[in-house]
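1. okay, here's the prediction I keep looking at, along with the sequence it came from:
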Amino acid sequence: MNLLAFETSSQQGSVAIQVDGKVTEKFMRSSKQQTRDLLPLTKTLLTEAKIKLTDLDGITFGRGPGSFTGLRIAAAVAQGLSLASELPLFPVSSLAAIAQGAWRSNQIINALVCVDAYMGEVFWGRFCIQDGLAHATSEECLGSPETVSSASLDTWSAVGNGFLSYELVLEKLVLNAESKHADAYPYARDLLPQAMADLAEGLGQYPEAATPVYLRSESAWKR
């Protein structure tokens, strides 16, 4: 099964493609260039893989939560390509992608993911790896750093840049963590495992149904 993946919910934007089990990923130079870079990088990946868009089985994108503009970019491009190619879409949580990446890089099974949402708030959630996939064990939340909780996790790791941005506020909480990985970001390649599982289950979505999860309103972002 072949999939294309977009992740632009953070400053570390990336595009990945999986063809016959091989994953290739390319990164954008900055969050300010995501609109300009996304389609050219996609074209490059398809060319290097020697396949056409219509040779894919689906498209996945980081549905958020994360950067309001970044989420709109990934969703719009994914929806446009889906309409043009009639490929199903597989939105995947950007927080789950961070947990999936922590498993891939550091074999972290239980992750408390916390991402800087700016405006004095964080996006956060608890995740556990089961059968190689990151499963949420809590709701995905938006709130002040003081609301972050490791409840229900006996052993866990602190994952995400929220633990750096609000290091002093979260210091006592992190003392109970097995490890801290504040340099963890959501990457396109880490959307693929869940998307592949959803593809196998026939859980693809039409473009109009595959929408971002902001957790914060557009008006709040503009304040």
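-> Ah, there it is. The shown structure was predicted, so the numbers you read here are calculated from the model rather than taken from an experiment.
2. tell me the domain ranges of this protein?
-> Split into domains by automatic domain parsing, the chain comes to 3-93+187-222, 94-181.
3. quick check, central residue of the protein?
-> The centre of the chain sits closest to residue 94, judged by C-alpha atoms, centre = their mean, with a distance of 2.4 Å.
4. that one contacts residue 61, correct?
-> No: in this structure, residue 94 is not within contact of residue 61 by C-beta atoms under 8 Å, at 9.3 Å. Glycine gets a C-beta too; all of them are placed from N, C-alpha and C.
5. between those two, which contacts overlap?
-> residue 7 (C-beta atoms under 8 Å, 6 or more residues apart in numbering).
6. so what's residue 179 closest to, chain neighbours aside?
-> Using C-beta to C-beta, 6 or more residues apart in numbering and skipping residues adjacent in sequence, the residue nearest residue 179 is residue 157, 4.6 Å away.
7. before we move on, what about residue 195?
-> The shortest distance from residue 195 to any non-neighbouring residue, by C-beta to C-beta, 6+ apart, is to residue 60 (3.6 Å).
8. just confirm that neighbour contacts residue 91, I think it does.
-> Yes: using C-beta under 8 Å, residue 60 is in contact with residue 91, at 7.1 Å.
9. neighbour count for the two, which is higher?
-> residue 60 (31 against 24; other C-beta atoms under 10 Å).
10. name the element the more buried one belongs to?
-> Assigned by DSSP states H and E, residue 60 belongs to strand 58-62.
11. just to revisit the earlier point, for the residue nearest to the centre of the chain, which residues are in contact?
-> Shown in contact with residue 94 (C-beta under 8 Å, 6+ apart): 7, 9-10, 62-66, 115, 186.
12. go on, residue 180?
-> Per C-beta under 8 Å, 6+ apart, neighbours of residue 180: 157-159, 163, 174.
13. if you set the cut-off to 10 Å instead, what comes out?
-> 112, 157-160, 163-164, 167, 170, 174 (C-beta atoms under 10 Å, 6 or more residues apart in numbering).
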